[in-house]
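Novice: need a 3D model of the sequence below.
(4 chains)
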There are 2 protein chains.
Amino acid sequence: MKLTEAKQQFISSWGAFGTHWGINRTMAQIHALLLVSVDPITQDDIMEQLTISRGNVNMNIRDLIGWGLVERVIITGERKEYFTAEKDIWKVATKIIKERKKRELDPMIKLLAQLENVEGDKKDKDIKQFTEVIGGIKKLGSQADKLLDVMVKAEENWFTGSVLKIFK
Amino acid sequence: MKLTEAKQQFISSWGAFGTHWGINRTMAQIHALLLVSVDPITQDDIMEQLTISRGNVNMNIRDLIGWGLVERVIITGERKEYFTAEKDIWKVATKIIKERKKRELDPMIKLLAQLENVEGDKKDKDIKQFTEVIGGIKKLGSQADKLLDVMVKAEENWFTGSVLKIFK
DNA sequence: CTGAATTTTCAAAATAAATTGAAAGCTAAT
DNA sequence: ATTAGCTTTCAATTTATTTTGAAAATTCAG
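Specialist: Presented below is the predicted three-dimensional model:
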């Protein structure tokens, strides 16, 4: 496979994968394009390469910047803004984990904690089952939360090493 | 908060969370309803409680069964089918992990492996950067894959224990 | 300050995804 | 073999999400 074809394939597949994870297809594609672009590129470059509108590029780029995955680059002498993506995949992963944890996992745990305090007789069959299920999810969520915290703070080789160690 | 209100809250929030993870809102709500229902319930019960159509319930229930999260229950003497959800959250989590790994992570790693074999001079700047990025994602994906494999095979207390151990 | 270049916004349009409901398909009892 | 009771399917509709593109806002050079 040729490089151009491979890049194209990567961009389109990355977009498809994104949709399975609650990520907008175009955002994932823009991210993919920036990942495989050696030098910073402009909004016009992105519009052209992915054949999407200016507004679309602009909104998604800002989202990606919000996720800390892309940043603006000022090129002296140039009027236009250039963009570049973080290429270190471990950093990309930790940023995504950190952000999703904050946006989704943390609020969920908070909600579950509230639901656990349902009023009524704790010995009642229905209440018992409800608090057990909610408590179980909360516990699992908190555990995952802690694990992800450790991962985010750790170095990539910690991840690699620990996993391999588990296998002996 | 009263039990009925808490259940309602859980169902609607669980549905909302689902959408952030690429899961259809209604499927998540049906799952939530089954999680907090002590006894098995019928399609009609679900239709009524969530005010959704028969077809919708049927399709999503079948999907949930496909994920191994819900199962049919035959109640002797009853003509209707009843449904019940796995209540052990650890089992729920491992089933979801196993299934998403198979459906999404594994194919992604396979694709990346193909893209790594892009033809051309490995010293070429563009090719080098491309294979580095793809290789990095593949490595991270494989590592995650292995970690998830271990988790799925392990017991819940392994997860809890290991995490706590990391904290010393 | 002026205006050309560029970025941002957002209502409207297009597209994609979820939902309905009625018809068709089963199944089990008689 | 018939049929009532229940389940499944899927084309049509509704709803939700994404995308567009032109206008407004911003930026910066002269």
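
Novice: okay, now the unreliable bits of chain A?
Specialist: Across chain A, the ranges flagged by pLDDT under 70 are A:163-168.

Novice: I'd say A:I41 and A:Y82 touch.
Specialist: Yes: contact criterion CB atoms under 8 Å: A:I41 and A:Y82 qualify, at 6.4 Å. For the C-beta atoms, the positions are set from N, CA and C on the backbone; glycine is no exception.

Novice: which one's more surrounded, those two?
Specialist: Between A:I41 and A:Y82, counted using other CB atoms under 10 Å in any protein chain shown, the more crowded position is A:I41 (19 against 16).

Novice: contact residues of chain A facing DNA strand D?
Specialist: Within chain A, the positions near DNA strand D by CB under 7 Å from any atom of the strand are A:24-26, A:51-56, A:59-60, A:79.

Novice: CSV for those residues, including distance to DNA strand C?
Specialist: Formatted as CSV, the residues of chain A next to DNA strand D follow (distance: CB to the nearest atom of the strand, whole Å):
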residue, distance to DNA strand C
A:N24, 10
A:R25, 7
A:T26, 10
A:T51, 12
A:I52, 11
A:S53, 8
A:R54, 5
A:G55, 3
A:N56, 7
A:M59, 5
A:N60, 10
A:R79, 4
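
Novice: OK, now which residue of chain A is nearest to DNA strand D?
Specialist: A:G55 (1.9 Å; CB to the nearest atom of the strand).

Novice: any idea how far the nearest residue in space to A:Q43 that is not next to it in sequence lies from A:A16?
Specialist: In space, A:Q43 comes closest to A:V57 once its chain neighbours are excluded; the distance is 4.9 Å by CB to CB, 6 or more residues apart in numbering or on different chains. Distance of A:V57 to A:A16, given as CB to CB, to the nearest Å: 19 Å.

Novice: between the two, who's got more neighbours?
Specialist: Counted by other CB under 10 Å, A:V57 and A:A16 do not tie: A:V57 has more neighbours, with 21 against 16.

Novice: buried ones in the helix or strand harbouring the more buried one?
Specialist: Using DSSP states H and E, A:V57 sits within helix A:54-66. Using 16 or more other CB atoms under 10 Å in any protein chain shown as the test for burial, helix A:54-66 gives A:56-57, A:60-61, A:63-64.

Novice: now do stretch A:77-87
Specialist: A:82-87.

Novice: ok, so of those residues, who is nearest chain B?
Specialist: Comparing the buried residues of stretch A:77-87 against chain B with CB to the nearest CB places A:K87 closest, at 6.0 Å.

Novice: isn't the closest one up against A:S37?
Specialist: No: using CB under 8 Å, A:K87 makes no contact with A:S37, being 9.8 Å away.

Novice: using CSV, write out the CA atom coordinates for stretch A:86-97.
Specialist: C-alpha atoms of stretch A:86-97 as CSV (Å, rounded to 0.1, in the frame of the first residue of the first chain):
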residue,chain,number,x,y,z
GLU,A,86,0.2,15.9,19.7
LYS,A,87,2.0,13.0,18.1
ASP,A,88,3.0,11.1,21.3
ILE,A,89,0.2,8.6,21.5
TRP,A,90,0.7,8.0,25.2
LYS,A,91,0.1,11.7,25.8
VAL,A,92,-2.9,11.6,23.5
ALA,A,93,-4.4,8.6,25.4
THR,A,94,-3.8,10.2,28.9
LYS,A,95,-5.4,13.4,27.7
ILE,A,96,-8.5,11.6,26.5
ILE,A,97,-8.7,9.5,29.6
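
Novice: with adjacent residues omitted, what lies nearest to A:I137?
Specialist: Distances taken as CB to CB, 6+ apart put B:I89 closest to A:I137, at 5.4 Å, once the chain neighbours are dropped.

Novice: likewise for A:M1?
Specialist: Of all residues not flanking A:M1 in the chain, B:V118 sits nearest, at 5.6 Å (CB to CB, 6+ apart).

Novice: tell me which stretches of chain A form helices.
Specialist: A:3-20, A:25-35, A:43-50, A:54-66, A:89-100, A:106-116, A:125-153, A:156-166 (DSSP state H).

Novice: so which of the ones you listed is nearest B:V152?
Specialist: Ranking these by proximity to B:V152 (CB to CB) places helix A:156-166 first, at 12.6 Å.

Novice: which strand residues bridge A:F83?
Specialist: For A:F83, the beta-bridge partners are A:I41, A:R72 (DSSP bridges).

Novice: let me know the closest of the buried residues of stretch A:77-87 to DNA strand C.
Specialist: Nearest to DNA strand C among these: A:Y82, at 7.7 Å, using CB to the nearest atom of the strand.

Novice: wait, that closest one touches A:V70, no?
Specialist: No: using CB under 8 Å, A:Y82 is not in contact with A:V70; the gap is 10.7 Å.

Novice: can you give the domain ranges for chain A?
Specialist: Chain A is divided into the following domains under automatic domain parsing: A:3-85, A:89-166.
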